[in-house]
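>>> Whatever this is, show me its structure:
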Amino acid sequence: MRILLLLFLAATAQAAETAAVDPFEPKEATPPAVVKLAEAYVKSVRQPEKPAATPAEAKRDFERMFLIGFTQPNVSIGDPNEAQASGLKAGHDYRRKHDNKMKEILEGYGYVATAVDGFWKFGFEISDFKPVKNPKESWWISVIGEEGPALAGAERVHIQTSDAGVQVHVIGFLSPKGRYGHFGGGEREFFATSITAAKAK
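Sure thing, here's the model as predicted:
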């Protein structure tokens, strides 16, 4: 009877772990360099003050926050667990040391180098971009690094705001489909390296 009970408990635990994975969520891609950093973090950490629930979740948290730290080197987040805080710092550090690895890192996360025209609405907690060739899609635009030419271009475009959005040409990196931005309202995320006003055709 005890053996049957142990087998039942083991099967229940395995089913619960499997159920936690949403089969409809896109599989996350991560660059090999970041996977190595995340695995090294998981192996090295000893009883953190605010741990993630499991080593697998700690690795996932590290990898996700690395991307945020790498693309937004001035950002901070409130009350992270240790894996999130470590991933964010690793992303900040890696960006400072390897600014020339932008394409490699973003492609490793599944982003694709893209140049496209569309209409961009922006404001407080709004960054809604609709590509001209696929206006039913909504992309969340973020300026990489919150600095440099992309930010300067975005600031020039902002002066021309309108209810329909401003027609712009953006160059950068487009994410796989998912949920991005404020309340997950964007079907894709676009990390912009250049934003310029586009003339209507």
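>>> hang on, residue 117 packs against residue 198?
Yes. Contact criterion Cβ atoms under 8 Å: residue 117 and residue 198 qualify, at 5.1 Å. The C-beta positions use only the backbone N, C-alpha and C, and glycine is treated the same way.
>>> neighbour count winner among those two?
residue 198 (18 against 15; other Cβ atoms under 10 Å).
>>> Next, work out how far apart the more buried one and residue 103 are.
Distance from residue 198 to residue 103, counting by Cβ to Cβ, to the nearest Å: 23 Å.
>>> quick revisit: shared neighbours of residue 117 and residue 198, anything?
Here residue 117 and residue 198 have 167-169 as joint contacts, going by Cβ atoms under 8 Å, 6 or more residues apart in numbering.
>>> need the contact list for residue 129.
Contacts of residue 129 by Cβ under 8 Å, 6+ apart are 118-121, 138-141, 165, 168, 170, 190.
>>> one more time with 7 Å, if that's ok
When contacts are counted by Cβ atoms under 7 Å, 6 or more residues apart in numbering, residue 129 touches 118, 120, 139, 141, 190.
>>> Helices - which of those land there?
Secondary-structure check on the contacts of residue 129 using DSSP state H: no residue lies within helices.
>>> Show me which of the residues you listed is closest to residue 94.
Nearest to residue 94 among these is residue 190, at 21.4 Å by Cβ to Cβ.
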